[in-house]
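> Show me how the following folds:
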Amino acid sequence: MRRIRTALAAIGLAAVGVTVPLGVPSAQADTRCNQEWDAFGRDGKVRIYKDPYCTNQLDWAVGDDWDWGDGTGEITNATNTVSSVMNNGTLGGVDVVAFYDYTGYDWRYGYTCLKPGEYYADYLADNRFSARTAGEHAGKKFLVNDAISSHKWVTEGDCNTFVE
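Numbering: from 1, shown residues only. Sure, this is the predicted structure:
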């Protein structure tokens, strides 16, 4: 997720005899997210990708979008279909992206945030929304992968759950 060069980390671990577990992103996957980041930089947008490791870009947005599935905002027809995200927002003020499990920025059903310094979350399957505070599943944390329905630009102080 962070711009850590996975290939270099894996080589370093192998040199000291540590086995790298399966499921660690390959150097190629890490390079893909880095290439996407390098291509766009801080252009003020949030980008969403259908697949892990910043592949198959679905859409992007400059502003907030309260419902990714209603076909009216900047992001359309993307509800519950995203496996990686990128924060290309400009720095300062509302430069953190909050992603919500429900439409309408409804934080009661879980949310997670991506700081500008994290750049991207390359695979959302290892992230969870904040614990729900409403509904029959109150207190539970659900997986973020293929579960985002809306997003909003916020400050870091507005968040207590972040993608890792």
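> To what extent is residue 151 buried, counted in neighbours?
By other C-beta atoms under 10 Å, the residues close to residue 151 number 28. Where C-beta positions appear, they are placed from N, C-alpha and C, glycine not excepted.
> contacts for the host helix or strand of it?
Using DSSP states H and E, the element containing residue 151 is strand 150-154. Contact partners of strand 150-154, identified using C-beta atoms under 8 Å, 6 or more residues apart in numbering, comprise 46, 61, 63-68, 75, 89, 94-100, 102-106, 113.
> Can you tell me which of those residues are buried?
Neighbour counting with 16 or more other C-beta atoms under 10 Å marks 46, 61, 64-68, 75, 89, 95-100, 102-103, 105, 113 as buried within the contacts of strand 150-154.
> Spell out the residue ranges of the helices in this structure.
Here the chain has its helices, by DSSP state H, at 6-15, 27-40.
> weakest of those helices by average pLDDT?
Ranked by mean pLDDT, those bottom out at helix 6-15, with a mean of 35.
> Distance from the chain centre to stretch 95-114, please.
The chain centroid and the centroid of stretch 95-114 are separated by 11 Å under C-alpha atoms, centre = their mean, to the nearest Å.
> Now do the strands in the protein.
Applying DSSP state E to the chain gives strands spanning 45-51, 55-61, 84-88, 96-100, 111-114, 120-121, 150-154.
> Which of these sits closest to residue 131?
Closest to residue 131 of those is strand 111-114 (C-beta to C-beta; 10.3 Å).
> for residue 93, what are its contacts?
Residues near residue 93 by C-beta under 8 Å, 6+ apart: residue 155.
> Distance check, it against residue 145.
The gap separating residue 93 from residue 145 is 29 Å, by C-beta to C-beta, to the nearest Å.
> repeat for residue 61
Residue 61 sits 19 Å away from residue 145 when distances are taken as C-beta to C-beta.
> and what of residue 52?
8 Å.
> Distance check, the closest residue to residue 135 other than its chain neighbours against residue 162.
The shortest distance from residue 135 to any residue other than its chain neighbours is 6.4 Å, reached at residue 109 (C-beta to C-beta, 6 or more residues apart in numbering). Distance, residue 109 to residue 162, using C-beta to C-beta: 17 Å.
> More neighbours: the two, which one.
Neighbour tally, residue 109 and residue 162, criterion other C-beta under 10 Å: the higher count belongs to residue 109, 21 against 16.
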